[in-house]
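A.B. asks: Coordinates only, no sequence provided:
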């Protein structure tokens, strides 16, 4: 690390001196733990538990994990003694350290569409792994080749535009948001009007 970089870090942390309460927001997959084909095997990187525990014991920093996962999945994986606040389902779900849970309800029309979509994806998951979330229907292609994931997710290999094939019309029929996560190779259909990670704090 260069002298200039060290100085920038010192200046950054000096800004928390006094009465300012630091807020540390952390994602789980890809930040605290590696991406895994089997998401239930995604354990924290070496030293993460110990570092988070030290920050907790210091008592000055509010910490929260914000994840696309259901909030209840995080605590067993993280495995620290004192539970953290967890915002799951991209912010639609809040799990307090004391175990209390809040869930932002989706509009009735969106819930109806999701039920129809869930029924369809349980019959045909387009070559992926279907995950049923409280506010979304998710397809995972982790571990698949890029070409297979792109073909399975209704995208032509030589184009970033959704195709005009029947699968694309299916997306329009359900009127759901289409999100592409290239690194994780997963597609999420989340109701319009629900919170995302960036709107929480």
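C.D. replies: Arrived safely. Everything numeric in this text was worked out from a predicted model, so none of it was measured.

A.B. asks: What segments of this protein are helices?
C.D. replies: 3-14, 48-58, 71-78, 108-123, 146-152, 166-174 (DSSP state H).

A.B. asks: Can you tell me which helices and strands the third one packs against?
C.D. replies: Just to be clear, that refers to helix 71-78. strand 85-88, strand 93-95 (3 or more C-beta pairs under 8 Å, 6 or more residues apart in numbering; DSSP states H and E). In this view, the C-beta of every residue, glycine as well, is placed from N, C-alpha and C.

A.B. asks: which one of these lies closest to residue 114?
C.D. replies: strand 93-95 (15.0 Å; C-beta to C-beta).

A.B. asks: Find the nearest non-adjacent residue to the spatially most central residue of the chain, please.
C.D. replies: With distances taken as C-alpha atoms, centre = their mean, the residue of the chain nearest its centroid is residue 68 (2.1 Å). Distance criterion C-beta to C-beta, 6 or more residues apart in numbering; nearest residue to residue 68, sequence neighbours excluded, is residue 90 at 5.1 Å.

A.B. asks: For residue 126, give its distance to residue 138.
C.D. replies: To residue 138, residue 126 is 12 Å away according to C-beta to C-beta, to the nearest Å.

A.B. asks: which one of those two has more residues nearby?
C.D. replies: residue 138 (19 against 15; other C-beta atoms under 10 Å).

A.B. asks: do you know how far the residue lying closest to the more buried one once chain neighbours are set aside is from residue 48?
C.D. replies: In space, residue 138 comes closest to residue 131 once its chain neighbours are excluded; the distance is 4.1 Å by C-beta to C-beta, 6+ apart. Residue 131 sits 24 Å away from residue 48, going by C-beta to C-beta.

A.B. asks: now do residue 5
C.D. replies: 22 Å.

A.B. asks: higher neighbour count, the two?
C.D. replies: Using other C-beta under 10 Å as the criterion, residue 5 and residue 48 rank with residue 48 on top: 17 against 9.

A.B. asks: remind me which residues of this structure are low pLDDT?
C.D. replies: Applying pLDDT under 70 to the chain picks out residues 143-201.

A.B. asks: can you list the domain ranges for this structure.
C.D. replies: 3-103, 108-198 (automatic domain parsing).

A.B. asks: now the first one, how far from the centre of its chain.
C.D. replies: Read that as domain 3-103. 13 Å (C-alpha atoms, centre = their mean, to the nearest Å).
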